[in-house]
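**Student:** My questions are about this predicted structure, shown below with the sequence.
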Amino acid sequence: MKLLKKLIFATCLTFLSAQSFGAVIPGQTDYIENEDGSLTFIFDLVSSDIVGEGMGLSFSYFGLELIVTSQEIVIQDFPANGGLGVDSAADGDNLAYGDVLILSFNEAVTITGISFNGLMGLDGHQEMADGLVLVAGGILDTALYYEVGSALDVPLSGSAFTIAGATDQFTGYLESLTFFIGEPPQGIPEPGTMLLFAAALLGIGGMKYRRSQ
């Protein structure tokens, strides 16, 4: 019931954040322009913590804007293998049970891939994640989505999405999102986009790599 109340509150914040694209702090994202036309935003390559006081953190790609808010304070955590978390009483500055991230785009997108980083020991980060999260109301096992570019079984379309810790077992960070602006081109199998993205991480396929801040 407590998590349900927070999700309802998060829905209200989603509406408010969509109206306030100017009152945010710029975050830092590396992005990959994949060969199939999709984009991947990577959130765990920062040089220091970025704290989204007020209306959260913003990320941009030319005319596309993403704002990430929460029921508490959104933080882009350093060092590597961190990512986007929530600075709350639930469990430090990572995403945990009771925490909610709200992702608001200024236009419709189709999310085809997502990944999470986990915690290691008392104060460390690692690629491996564990536990369940709620993504737009659907349950994901983060152990299956800890590698950058992990493909969703069912793509998610819209302009606003919520990500919440579903069990006490999960503590970690949102590492990356892979998505199309609008709908995917016809004829491209959406899960197959992750194979192309994996090639990008290995330096194969001539994909362009940029940094926006």
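**Tutor:** Structure received. Numbers count the residues shown, from 1 in each chain.
**Student:** Tell me what the spatially most central residue of the chain is bridged to.
**Tutor:** Compute the mean C-alpha point of the chain, and by C-alpha atoms, centre = their mean the closest residue is residue 174, 4.5 Å away. With DSSP bridges as the criterion, residue 174 is bridged to residue 84, residue 116.
**Student:** So for it, what's the pLDDT?
**Tutor:** For residue 174, the model assigns a pLDDT of 94.
**Student:** wait, doesn't it sit right on residue 86?
**Tutor:** No: the pair residue 174 / residue 86 is not scored as a contact, 9.9 Å apart, by C-beta atoms under 8 Å. (Each C-beta comes from the backbone N, C-alpha and C, glycine too.)
**Student:** In this structure, what helix or strand scores lowest on average pLDDT?
**Tutor:** strand 208-212 (a mean of 44; mean pLDDT, DSSP states H and E).
**Student:** rewinding a little: need the overlap of contacts for residue 174 and residue 86.
**Tutor:** Residues within reach of residue 174 and of residue 86 at once, by C-beta atoms under 8 Å, 6 or more residues apart in numbering, are 95, 101.
**Student:** Tell me how far the residue nearest to the centre of the chain lies from residue 94.
**Tutor:** Here the criterion is C-beta to C-beta, to the nearest Å. By it, residue 174 lies 10 Å from residue 94.
**Student:** for residue 161, same thing?
**Tutor:** 19 Å.
**Student:** more neighbours, those two?
**Tutor:** Comparing residue 161 with residue 94 by other C-beta atoms under 10 Å, the one with more neighbours is residue 94, at 26 against 21.
**Student:** gap between the more buried one and residue 183?
**Tutor:** 33 Å.
**Student:** ok, residue 103 touching residue 66?
**Tutor:** Yes: Residue 103 is within contact range of residue 66, at 6.4 Å (criterion: C-beta under 8 Å).
**Student:** So for the two, which sits in the more crowded spot?
**Tutor:** residue 103 (27 against 22).
**Student:** check contacts around that one.
**Tutor:** Applying C-beta under 8 Å, 6+ apart, the residues near residue 103 are 66-68, 160-163, 177.
**Student:** what kind of secondary structure is it in?
**Tutor:** strand (DSSP: H, G, I helix; E, B strand; the rest coil).
**Student:** which residues sit in contact with residue 108?
**Tutor:** 157-159, 181-182.
**Student:** Return the distance of it relative to residue 54.
**Tutor:** 26 Å.
**Student:** cool, residue 109 as well?
**Tutor:** 24 Å.
**Student:** ditto for residue 149
**Tutor:** For residue 149, the distance to residue 54 - C-beta to C-beta - is 31 Å.
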